[in-house]
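In: Next come a sequence and a model predicted from it.
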Amino acid sequence: MQQETLTANKAWKLSGTTLSFKEWIDRENKKKQETVDNFLPFSDTEIKVDTTAIDTIGNDIKIQNPFSNNTLNKNKVLGLDSSVLIFSGVLIVASLTYYIYTKVKNKDA
């Protein structure tokens, strides 16, 4: 069984549009072009990306991988300098102590 293909003129007549044939065919061509532009076909072949430039840049920068050797950096905790953490901790404890002291002093008075 052979499938009958519609000519543009027959498709225009069957569509029941109020547009002229020229306007209708332009609109249909734009629709087809939009679907072609927006369609991303699946490929049966594997896509390979050349990463040599990225690898070269990474080697030039010479960023040390923190997980490459299992030695701990004793000067940093969670990426922050340990002296900053100690100072922040002392400041927090001092402010909490002052707050509690003022509350207790006001209750006694």
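Out: Sure thing, it's come through.

In: Tell me how many other residues crowd Trp24.
Out: Other residues near Trp24 number 17, with proximity taken as other Cβ atoms under 10 Å. (C-beta placed from N, C-alpha, C; glycine too.)

In: Quickly find the element holding it.
Out: Element membership for Trp24 (DSSP states H and E) is helix 21-38.

In: on contacts alone, who are the packing partners of that helix?
Out: helix 8-15 (3 or more Cβ pairs under 8 Å, 6 or more residues apart in numbering; DSSP states H and E).

In: Tell me what angle the helix holding Trp24 forms with helix 8-15.
Out: Angular relation of helix 21-38 and helix 8-15 on a 0 to 180 degree scale: 100 degrees, by axes from the mean of the first three to the mean of the last three Cα atoms, to 10 degrees.

In: and the residue nearest to Ala11 when sequence neighbours are not counted, how many neighbours?
Out: By the measure of Cβ to Cβ, 6 or more residues apart in numbering, the closest residue to Ala11 outside its immediate chain neighbours is Glu28, 7.8 Å from it. For Glu28, the neighbour count with other Cβ under 10 Å is 16.
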